[in-house]
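Undergrad: any chance you can model this:
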Amino acid sequence: MTGSRAAGHRTRGRNGPPRNPVVPTALEGQVFTERTSLALPAGLPLESWRQVGHRLTRLNDSSQWWLGDWLVYGQDRYPERYRRAVSDTCLDYQTLRNYAWIARKFPAHRRRAALSVQHHIEVAGLPETEQETWLDAAERSGWSRNELRRALKEFRAADGEPAPDEPVFIRFHATSEQRLRWAELARLADRSLDEWIPHVLDSATPPREPPDLPDPPDPPDPRAPRPDAPTPQGDASS
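TA: Residues are numbered from 1 along each chain as shown. Got it, this is the predicted structure:
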């Protein structure tokens, strides 16, 4: 094996030659990556094996942000060619849509490097200030995604608040002209297109009215004889 095997997976440092982001510095020349494989040396110490796994996990998580940002870029700048480019990837379209959705929810300056994409997804349905509060707590406490989910669930249960619904993705057909016009209106409203469309639909939805109640019965006529009143008797002399 030679270092050239990993050439396609290397990054260049500021002042040094290209490096393989999967391989810790101490293991360069021992661990190699290819398009479809990872080659580990025999007798790799446990701690070194764990370091490689940690880097693989971080790269996998980062790639979700990268794909999301790539998709958002294409949605905004190449709306007519975007779907064709996405179809050329090997990933499920709905999976990519989820990446784009979370990338828009959390711009780069709000993402926590110490937390996974899944942490951010757990709080995405909350107001921004609450998102920050829960991400702060997760980062400070070293919570896993499941621990963050459990803490949110317990907080809602104690507060009597129902858990929010999971995001629902709706597909519909639109012309390219409509897509461009909507994108421009969303930009003027300082919203992403994914945020602008439900906002407009909510604004156009009339408020829910209470159900119609039957009219109250007419009050009784005081001049009408009472049903239980005795019938007047005629004069006894007649």
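Undergrad: and the next element down the chain from the strand or helix carrying Val72?
TA: Using DSSP states H and E, Val72 sits in helix 46-77. Sequence-wise, the next helix or strand beyond helix 46-77 is helix 82-87, with elements assigned using DSSP H and E.
Undergrad: can you pull the buried residues of that next one?
TA: Neighbour-count burial for helix 82-87 flags 82, 86 (criterion: 16 or more other CB atoms under 10 Å). Quick note: C-beta positions are derived from backbone N, CA and C, even for glycine.
Undergrad: that helix packs against which elements?
TA: Helices and strands touching helix 82-87, by 3 or more CB pairs under 8 Å, 6 or more residues apart in numbering; DSSP states H and E, are helix 46-77, helix 93-105.
Undergrad: tell me the most buried of those?
TA: Using mean count of other CB atoms under 10 Å, the stretch among those with the largest mean neighbour count is helix 93-105, at a mean of 18.
Undergrad: got TSV for the helices and strands packed on helix 82-87, with distance to Arg111 too?
TA: Formatted as TSV, the entries for these read as follows, by distance: least, CB to CB, whole Å:
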stretch	distance to Arg111
helix 46-77	7
helix 93-105	9
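Undergrad: can I get those in CSV with mean pLDDT and distance to Thr36?
TA: Supplementary listing: the helices and strands packed on helix 82-87 in CSV, determined by pLDDT from 0 to 100; distance: least, CB to CB, whole Å:
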stretch, mean pLDDT, distance to Thr36
helix 46-77, 89, 14
helix 93-105, 86, 20
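Undergrad: and these: which comes nearest Glu139?
TA: Distances from Glu139 to each of the helices and strands packed on helix 82-87 were compared by CB to CB, and the smallest falls on helix 46-77, at 14.5 Å.
Undergrad: quick one: closest of the helices and strands packed on helix 82-87 to Arg187.
TA: From those, taking CB to CB, the stretch that ends up closest is helix 46-77, at 8.6 Å.
Undergrad: could you check the angle helix 93-105 makes with the helix holding Val72?
TA: Put simply, helix 46-77 runs at 80 degrees to helix 93-105, going by axes from the mean of the first three to the mean of the last three CA atoms, to 10 degrees.
Undergrad: what ranges do the strands span in this structure?
TA: With strands called from DSSP state E, the chain shows them at 11-12, 18-19, 32-34, 37-39.
Undergrad: picking that back up, so which of the helices and strands packed on helix 82-87 comes closest to His173?
TA: helix 93-105 (15.0 Å).
Undergrad: packing partners for the closest one?
TA: In this structure, helix 93-105 makes packing contacts with helix 46-77, helix 82-87, helix 117-123, helix 193-204, judged by 3+ CB pairs under 8 Å, 6+ apart.
Undergrad: now the last one: mean pLDDT?
TA: Same thing as helix 193-204. Per-residue pLDDT values over helix 193-204 give a mean of 76.
Undergrad: and the contacts of it?
TA: Contacts with helix 193-204, where a contact means CB atoms under 8 Å, 6 or more residues apart in numbering, come from 75, 100-101, 104, 182-183, 185-186, 189, 191.
Undergrad: for Glu132, state which of these is nearest.
TA: Checking those against Glu132 by CB to CB gives Arg104 as the nearest, at 16.9 Å.
Undergrad: where in this structure is pLDDT low?
TA: 1-26, 159-169, 189-190, 203, 205-238 (pLDDT under 70).
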